[in-house]
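Peer 1: everything below, folded, please.
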Amino acid sequence: MLLDNINHKSILVKKSYLIVLTVLFAFNCTQKKQKNETESKPLAETLMAESIQRFTTAWNQGNAVEISKEFTADAIRIISNPQSPIEGQESILKAFEDTFSEGSELKNSRIEVTVTDARSVSEDIYLGAGNFTILNQQNEILEQGKWGNVFKFDNGQIKYLMESAHRELKDVDTSVAEITLKNSITSEALHFDKIVRSIENYISNYNSKNSDGLSMLFTEDGIQNVNSKNGIVMGRQQIKQTESYSDGSVLNATILGYRYLDNNLAIAYGKWTASGEDNSIVIGQWGNLFKIEGEKALLIMESAGLSR
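Peer 2: Residues are numbered from 1 along each chain as shown. Sure thing, here's the model as predicted:
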């Protein structure tokens, strides 16, 4: 009987010890995560400020070569005009040469950029979101809009991996037009099937006006940067509360590109259309950053805008 009591007490002590160790481990992991996030925020903000300084200086000098150096060799630009993604540093250089060429409305323009959020999402991947304004020499606004970009850390700097910047369109052409989205790409790349399901679920929740379901497609601290909302919306709860729908509007979207970045991160981009009951239709582009969690691809950042 005495031996049984001793063994029983010994087991209880061991169990208590294991519980304490488990709690301490979980606490230390939480503390480490919070410490890393606290330490990485100032670094992200510094790197973003330096990147914007280089970008705006090159833009204001009309220097296409220098501005193209801010992009990785395999970077993607998704902007309001042109209506298709610009892929690769060489194509990006050509696009900026056209932007600063004679006859372009943006020749001799200057750009102002503000940052709403900057953060690291892995050791070498960063994101940023904010606003931009392009002015002519008379300080008249030529374009303004929002941006939500993904960057890769390279040799002490961050470089654009995907730029997704969309201007505000004052006069949107909604006239009836024959617009057919290309079929989404197919891919055997890791986790691509989860991206497809995420886009399908987004379309389904939007078209059924399900704000709860749509907001759950984002990470808890996700970012929504879209033309249909004022400002840049931060956090799942705010995304849910600010979601609005046009009567009779039907959303559709297609995937034109995908890249898995490691560390359970992926980028994808494509086009979208929204048609109304009156046969009006608008078209735009999107470039999003996803986090793979189990069988889901959650939106860390949605960045989408109108093309016409």
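Peer 1: low pLDDT regions in this protein?
Peer 2: Counting by pLDDT under 70, the chain shows low-confidence ranges at 1-39, 171-179, 308.
Peer 1: report the buried residues of the helix or strand containing K146.
Peer 2: Using DSSP states H and E, the element containing K146 is strand 141-154. In terms of neighbour count (16 or more other CB atoms under 10 Å), strand 141-154 has its buried residues at E143, G145, K146, W147, G148, N149, V150, F151, K152, F153. Heads up, the C-betas are built off the backbone N, CA and C, glycines and all.
Peer 1: repeat that for stretch 255-271.
Peer 2: 255-261, 264-271.
Peer 1: restricted to helices, list those residues.
Peer 2: Using DSSP state H, no member of the buried residues of stretch 255-271 sits in helices.
Peer 1: of those, which belong to strands?
Peer 2: Per DSSP state E, strands hold the following members of the buried residues of stretch 255-271: 255-261, 265-271.
Peer 1: need the residues you listed in CSV with distance to I232, can you?
Peer 2: Listed next are those as CSV, based on distance: CB to CB, whole Å:
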residue, distance to I232
I255, 23
L256, 24
G257, 23
Y258, 24
R259, 23
Y260, 26
L261, 22
L265, 20
A266, 21
I267, 18
A268, 20
Y269, 18
G270, 21
K271, 22
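Peer 1: and which of those is nearest I281?
Peer 2: Of all those, K271 has the smallest distance to I281: 12.3 Å, by CB to CB.
Peer 1: contacting residues around that closest one?
Peer 2: Q83, L181, K182, A253, T254, L256, I283, G284, Q285, W286, S307 (CB atoms under 8 Å, 6 or more residues apart in numbering).
Peer 1: CSV for the residues you listed, including secondary structure and distance to E163?
Peer 2: Below are the contacts of K271 laid out as CSV (DSSP: H, G, I helix; E, B strand; the rest coil; distance: CB to CB, whole Å):
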residue, secondary structure, distance to E163
Q83, coil, 15
L181, coil, 22
K182, coil, 21
A253, strand, 19
T254, strand, 20
L256, strand, 15
I283, strand, 19
G284, strand, 15
Q285, strand, 11
W286, strand, 13
S307, coil, 15
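Peer 1: filter those down to the buried ones, ChimeraX style.
Peer 2: Buried members of the contacts of K271, defined by 16+ other CB under 10 Å, are picked up in ChimeraX with:
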select :253,254,256,283,284,285,286,307
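Peer 1: where along the stretch 151-300 of the chain do the strands fall?
Peer 2: Using DSSP state E, counting those that start in this stretch, the strands assigned to the stretch 151-300 of the chain run over residues 157-167, 218-226, 233-234, 250-262, 265-275, 281-293, 296-306.
Peer 1: who touches stretch 45-57?
Peer 2: 66-67, 70, 110-113, 115, 118, 126, 128, 151, 153, 157-160.
Peer 1: now the buried members of these.
Peer 2: Here, 16+ other CB under 10 Å leaves 67, 70, 110-111, 113, 115, 118, 126, 128, 151, 153, 158-160 buried among the contacts of stretch 45-57.
Peer 1: need these in CSV (columns: distance to L43).
Peer 2: Shown next, in CSV, are these (distance: CB to CB, whole Å):
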residue, distance to L43
I67, 24
E70, 18
R110, 28
I111, 24
V113, 19
V115, 14
A118, 9
Y126, 9
G128, 13
F151, 12
F153, 10
I158, 10
K159, 16
Y160, 18
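Peer 1: can you list the domains in the protein?
Peer 2: 44-167, 192-306 (automatic domain parsing).
Peer 1: export the ones you listed to JSON lines and tack on distance to T186?
Peer 2: Conversion of these to JSON lines gives the following (distance: least, CB to CB, whole Å):
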{"stretch": "domain 44-167", "distance to T186": "17"}
{"stretch": "domain 192-306", "distance to T186": "8"}
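Peer 1: what residues are up against K107?
Peer 2: G62, T99, F100, S101.
Peer 1: tell me how far the third one lies from R110.
Peer 2: According to CB to CB, to the nearest Å, F100 and R110 sit 12 Å apart.
Peer 1: beta-bridge partners for the closest residue in space to M162 that isn't next to it in sequence, please?
Peer 2: Ranked by CB to CB, 6 or more residues apart in numbering and with sequence neighbours excluded, the top spatial neighbour of M162 is V150, at 4.4 Å. For V150, the beta-bridge assignment (DSSP bridges) gives partners L127, M162.
Peer 1: hang on, V150 packs against K159?
Peer 2: No: here V150 lies out of contact with K159, judged by CB atoms under 8 Å, at a distance of 10.3 Å.
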